[in-house]
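K.L.:
Here is my input; please provide its structure:
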Amino acid sequence: MIVKSAVSRVVVAVSIVAALGATSACGGSGDDGEKSRKPGAGSAKGGDAAARLEKAALATGDVKGYEVEKPKGAGHPGKAGNPGKAGTAGKAGKADPAMCAPLADILGTGTGSAPSTSPRPEAYVSRTLTRTDDKDSTTTRVGLSAYAEADAERLMADLRAASKAKKCATFHVGGHRYFGVRPTGAAEANKPNVGGDEAVSYKLAHPMGEYVARQTITVVRDGGTLAVFDASNLYDPEGVQHDREAERNGMKGVGTPKADEDPKVAAAIVEAQLGRV
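P.N.:
Residues are numbered from 1 along each chain as shown. Predicted coordinates:
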């Protein structure tokens, strides 16, 4: 009997990972946020902010061992319900409890999914980074957003509070369930080693078909610019269990390197991006 390894299942499924950000987006009308939106820090016009972020975005060659791609709609924040074909924000619904919304919403910045209670970015760009070898199936999405500095500070405070709240350990956004929410090291530091003025980092997971989509998010604020690093992978509970049973039975050629590890935001990616902001 041949048992399919969890690693091969994850590799086959990795093409789905690009959709993780879309399923993490929260809903909301966004109309009030649109009316109160302020220019991004260091820019009087949205076009200037967009050009600045585009210039700062990573490109292939900036991080050794990674390929960098520009997702479709990567520079179009858009309006809620019209996410530039990048997600399903308009159908996602409201977060329950409401205070948990920023945890998922920060991942939808580029799809215009921010609810009316959250600041809206003046400009946004994103890139997707994947390993050029097969050592790690983690995909990392890097987003840069320009805000008025006061708005950026408020959003970071909301993220920090939600990542620590016990009531947000499990929460819902419309029909999506998020669980396993917990802060990581950077969330406790006002001036983290990763750089910038402050950082918030947290983990969460949500069901995705037969898999579990797992994400580790680090958000770094530098003035009015937010850099969002979203490392994600797909966990196959059934496949991992089969692999372990096969190993106990002495089967050869079945291995699970990193198959059940949480995704990690690579320090090299963070350093390279913050060096360009």
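K.L.:
who are the neighbours in contact with Lys167?
P.N.:
97, 99-100 (Cβ atoms under 8 Å, 6 or more residues apart in numbering). C-betas here are computed from N, CA, C, even on glycine.
K.L.:
Only whichever of these are buried, select them in PyMOL.
P.N.:
The buried subset of the contacts of Lys167, as determined by 16 or more other Cβ atoms under 10 Å, is captured in PyMOL by this line:
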select buried, resi 100
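K.L.:
quick one, strands of the stretch 101-250 of the chain?
P.N.:
123-131, 139-146, 171-173, 176-183, 198-208, 211-222, 225-235 (DSSP state E, counting those that start in this stretch).
K.L.:
Let me know which of these is tucked in deepest.
P.N.:
Highest mean neighbour count among the strands of the stretch 101-250 of the chain (mean count of other Cβ atoms under 10 Å): strand 139-146, with a mean of 27.
K.L.:
That strand pairs with which strands, parallel or anti?
P.N.:
Applying DSSP bridges, strand 139-146 is found paired with strand 123-131 (antiparallel), strand 225-235 (antiparallel).
K.L.:
would TSV of those with distance to Arg182 and mean pLDDT be doable?
P.N.:
Output for these, formatted as TSV (distance: least, Cβ to Cβ, whole Å; pLDDT from 0 to 100):
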stretch	distance to Arg182	mean pLDDT
strand 123-131	24	96
strand 225-235	15	93
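K.L.:
Out of the ones you listed, which gets nearest to Val212?
P.N.:
Distance to Val212, taken as Cβ to Cβ, is lowest for strand 225-235 among the strands paired with strand 139-146, at 4.3 Å.
K.L.:
Could you tell me the angle between that closest one and strand 211-222?
P.N.:
Angle of strand 225-235 versus strand 211-222, following axes from the mean of the first three to the mean of the last three Cα atoms, to 10 degrees, is 160 degrees.
K.L.:
Extract the C-alpha set from strand 225-235 and format it as PDB.
P.N.:
Included here for strand 225-235 are C-alpha records, laid out as PDB according to Å, rounded to 0.1, in the frame of the first residue of the first chain:
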ATOM      1  CA  THR A 225       3.400  53.400   6.300                       C
ATOM      2  CA  LEU A 226       2.400  49.900   7.300                       C
ATOM      3  CA  ALA A 227       4.300  46.900   6.000                       C
ATOM      4  CA  VAL A 228       2.200  43.700   6.300                       C
ATOM      5  CA  PHE A 229       4.000  40.300   6.100                       C
ATOM      6  CA  ASP A 230       1.600  37.400   5.800                       C
ATOM      7  CA  ALA A 231       3.200  34.000   5.700                       C
ATOM      8  CA  SER A 232       0.800  31.200   4.900                       C
ATOM      9  CA  ASN A 233       0.700  27.500   4.300                       C
ATOM     10  CA  LEU A 234      -1.800  24.600   4.000                       C
ATOM     11  CA  TYR A 235      -1.900  22.000   6.700                       C
END
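K.L.:
Begin at 816 from now on, thanks
P.N.:
Done: numbering now begins at 816, and the last item shifts to strand 1040-1050.
K.L.:
That one vs strand 1013-1023, what angle?
P.N.:
30 degrees.
K.L.:
how close does Arg1036 get to Asp877?
P.N.:
21 Å (Cβ to Cβ, to the nearest Å).
K.L.:
do the same with Pro1078
P.N.:
For Pro1078, the distance to Asp877 - Cβ to Cβ - is 20 Å.
K.L.:
Would you mind telling me which of those two has more residues around it?
P.N.:
More crowded of Pro1078 and Asp877, by other Cβ atoms under 10 Å: Pro1078, with 25 against 17.
K.L.:
Now do the contacts for the more buried one.
P.N.:
Contacts of Pro1078 were listed using Cβ under 8 Å, 6+ apart, and they are 953, 955, 1029-1031, 1046-1048.
K.L.:
check contacts around the nearest residue in space to it that is not next to it in sequence.
P.N.:
Computed as Cβ to Cβ, 6 or more residues apart in numbering, the closest residue to Pro1078 that is not its neighbour in sequence is Ala1046, at 4.0 Å. Neighbour list for Ala1046: 953-955, 1030-1032, 1078-1081 [criterion: Cβ under 8 Å, 6+ apart].
K.L.:
From the residues you listed, pick the one nearest Asp920.
P.N.:
Among those, and counting by Cβ to Cβ, the member closest to Asp920 is Ile1032, at 11.3 Å.
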